[in-house]
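# Model the structure of this input:
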Amino acid sequence: MAAAYVEHAMASDPTSADREPPSFRAPTGALKDSFHLATGRGLWHAGTITARTLVLRGERDFWSREGDVTTLVADLGRARDVRSVTLAGATHFAHLDRAGHGRDRWLDEVSRRLHGPVTTAARAAGPAAAATGA
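Coordinates of the predicted model:
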């Protein structure tokens, strides 16, 4: 899963191979989105979501507060199934952090949501094995 994340992130920036080492740019659109959220202007309405939904928040997340998760889960009233998880010790950037600092738990939760429980052997074998539940 980590390799797929990197692959898709790099593919999102057509100039990623122009730098050494290759890297992707993240435009400031996220800052504009953050400004709108901080001033009470939502970017989308959670009540329109009907799919199974996983809400992940790092325990030490400086941006996504516990109350935000409570509100989001309440607003996901039409979602088929909502699971909310606080990642112990993790920050807002758990998906980018090191193993043991939230990334492992983040990957486990996402894999479990997509494919069912991840075994220790599957984690050691990598993303393809995790997808099969090996």
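# From now on I want contacts and neighbour counts done on CA atoms only, so please keep to that.
Noted.
# can you confirm Trp63 is in a helix?
No: using DSSP: H, G, I helix; E, B strand; the rest coil, the assignment for Trp63 is coil, not a helix.
# so it touches Phe93, yeah?
No: counting by CA atoms under 8 Å, Trp63 stays clear of Phe93, with 10.2 Å between them.
# These two: who's more crowded?
Phe93 (16 against 13; other CA atoms under 10 Å).
# check contacts around that one.
The contact partners of Phe93, by CA atoms under 8 Å, 6 or more residues apart in numbering, come to Gly58, Asp61.
# now with 10 Å?
Arg57, Gly58, Arg60, Asp61, Phe62, His101, Gly102, Arg103 (CA atoms under 10 Å, 6 or more residues apart in numbering).
# Tell me where the model's unsure across the chain.
Applying pLDDT under 70 to the chain picks out residues 117-134.
# Which parts of it are helices?
Counting by DSSP state H, the segments of the chain that form helices are 2-11, 29-38, 66-75, 103-115, 120-125, 127-132.
# Most tightly packed of those helices?
Of all the helices of the chain, helix 103-115 carries the top mean neighbour count, a mean of 18, counting by mean count of other CA atoms under 10 Å.
# got the angle between it and helix 2-11?
90 degrees (axes from the mean of the first three to the mean of the last three CA atoms, to 10 degrees).
# Which strands or helices does helix 103-115 pack on?
Identification of packing neighbours for helix 103-115 by 3 or more CA pairs under 10 Å, 6 or more residues apart in numbering; DSSP states H and E yields strand 53-58, strand 82-87, helix 120-125, helix 127-132.
# isn't Ala17 right next to Met10, touching?
Yes: under the criterion of CA atoms under 10 Å, Ala17 makes contact with Met10 at 8.3 Å.
# Mind listing the shared neighbours of these two?
Shared contacts of Ala17 and Met10 (CA under 10 Å, 6+ apart): Ser23, Phe24.
# Which residue comes closest to the residue most central in space within the chain once chain neighbours are left out?
By CA atoms, centre = their mean, the chain has its centre lying nearest to His95, at 6.0 Å. In this structure, His95 finds its nearest non-sequential neighbour in Arg103, 5.1 Å apart by CA to CA, 6 or more residues apart in numbering.
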